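S.K.: Provided below are the primary sequence and the corresponding predicted coordinates.
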Amino acid sequence: MELGVHVADFTFPGGPSALGDDLKKIATAAEEAGFSKLSVMDHVWQIHMVGPPENDMLEAYTALGFLAGVTSKIKLLAWVTAVVYREPGLLAKAITSVDVLSGGRAMLGIGAAWNEEESLGLGLPFPSTAERFERLEEALQICLQMWSDDEGPYNGKHYQLARTLNSPQALTKPHPPILIGGAGEKKTLRMVAQYAQACNLFNSPELPHKLDVLRQHCADLGTDYDAIEKTVMGPLDVGANGERVSQQLDELHALHELGIQHMHGRIPDVSDLRQLEIFGEQVIPVAAKF
């Protein structure tokens, strides 16, 4: 089982003037500890589950470009991109750029978006739920076309592209892996089965059922359920001094028994780096054997 770090809070003790150095230290420590993925949120204001909206928040793809330059092994993605915040052609270009500049380490994490407050605040589009899901599917189709040999037009309900040229192409072949966030049974998990290489679910009592729904969608579409990486987003916490290592390992093992292959989450006081080091010393090597 693999683990990943989600950086969702950029309000570090050193403030904005030290934010770049702090983020570099976090990324370097996460990579050295053996985490397989490093992500940032695609929000423009801080979300209420983490802190007040006035707290520091970086734009996701600018941050990922920075992280590409200060790391060498860890996979990079937004967890997850809000589909309506960028036109799909530009989104595919941004992910391709991160992939090329990182040496082939980019992923597309994407979802239908949910934060109406920040969207209205900064004038970002936020159509109805039904339309956002329609746009999500079209965006997936556009990205896949731009990562193929087909540079012809794309004519959808919401997006029209005259020429899907993408040069340079992504280094990752056949394309950067796609992770779709969300657990909606009719639309989201069907799109995972049809388009994605990874899903992202929450650690809840419904998790086994959601996996069964995904398995059925794969059977209906003729895709390989086992080829889809099953990920869970949730807290990662070994305690300030490692007092929760055993409990964290038990939680990871229970998820592994359900078929989860990757656990991704926030680490408390991540800029302190100590928990990252403890994960690298006491958790990641053990979890890798599950």
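M.R.: Nice, I can see it.
S.K.: so who does the residue most central in space within the chain touch?
M.R.: Centrality entry for the chain: nearest residue to the mean C-alpha point is residue 79, 2.7 Å, by CA atoms, centre = their mean. Contacts for residue 79 were tallied using CB atoms under 8 Å, 6 or more residues apart in numbering; they are 6, 39-42, 109, 179, 181, 200, 233, 264. Quick note: C-beta positions are derived from backbone N, CA and C, even for glycine.
S.K.: same deal with residue 197?
M.R.: 177-179, 227-229.
S.K.: which residues in the stretch 151-290 of the chain form helices?
M.R.: Assigned by DSSP state H, counting those that start in this stretch, the stretch 151-290 of the chain shows helices spanning 188-195, 207-221, 245-258, 274-278, 284-287.
S.K.: touching the second one from outside, list them.
M.R.: Just to be clear, that refers to helix 207-221. 183, 185, 189-190, 192-194, 199, 201, 224-225, 228, 230, 232, 258-260.
S.K.: show me how to select, in PyMOL, the buried members of these.
M.R.: Selecting only the buried entries of those in PyMOL, with 16 or more other CB atoms under 10 Å as the criterion:
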select buried, resi 183+185+189+190+192+193+194+199+201+228+230+232+260
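S.K.: about what we covered before: what pLDDT does the nearest residue to the residue nearest to the centre of the chain once chain neighbours are set aside get?
M.R.: Nearest residue to residue 79, sequence neighbours excluded (CB to CB, 6 or more residues apart in numbering): residue 39, at 3.7 Å. Note on residue 39: pLDDT of 98.
S.K.: could you pull up phi and psi at residue 39?
M.R.: For residue 39, the backbone dihedrals are phi -130, psi 160 (criterion: degrees, to the nearest 10).
S.K.: quick one, the longest helix along the chain and helix 188-195 angle?
M.R.: Criterion DSSP state H: the longest helix present in the chain is helix 129-146. In terms of direction (axes from the mean of the first three to the mean of the last three CA atoms, to 10 degrees), helix 129-146 departs from helix 188-195 by 10 degrees.
S.K.: got a list of contacts for helix 129-146?
M.R.: 83-84, 88-89, 91-93, 95-96, 108, 110-113, 126-127, 152, 154, 156-159, 161, 164-166, 175, 178, 180, 187-188, 191, 195-196.
S.K.: quick one: residue 78 from residue 185, how far?
M.R.: Counting by CB to CB, to the nearest Å, the gap from residue 78 to residue 185 is 24 Å.
S.K.: quick one: contacts for residue 276?
M.R.: Counting by CB under 8 Å, 6+ apart, residue 276 has contacts 5, 26, 29-30, 33, 35, 267, 270.
S.K.: ok, now residue 256?
M.R.: Per CB under 8 Å, 6+ apart, neighbours of residue 256: 1, 287, 290.
S.K.: name the member of the residues you listed with the most neighbours.
M.R.: Each of these was scored for neighbours by other CB atoms under 10 Å, and residue 287 scores highest at 20 neighbours.
S.K.: report pLDDT for it.
M.R.: We have a pLDDT of 98 for residue 287.
S.K.: which residue, neighbours along the chain excluded, lies closest to it?
M.R.: In space, residue 287 is closest to residue 1, 4.6 Å off (CB to CB, 6+ apart).
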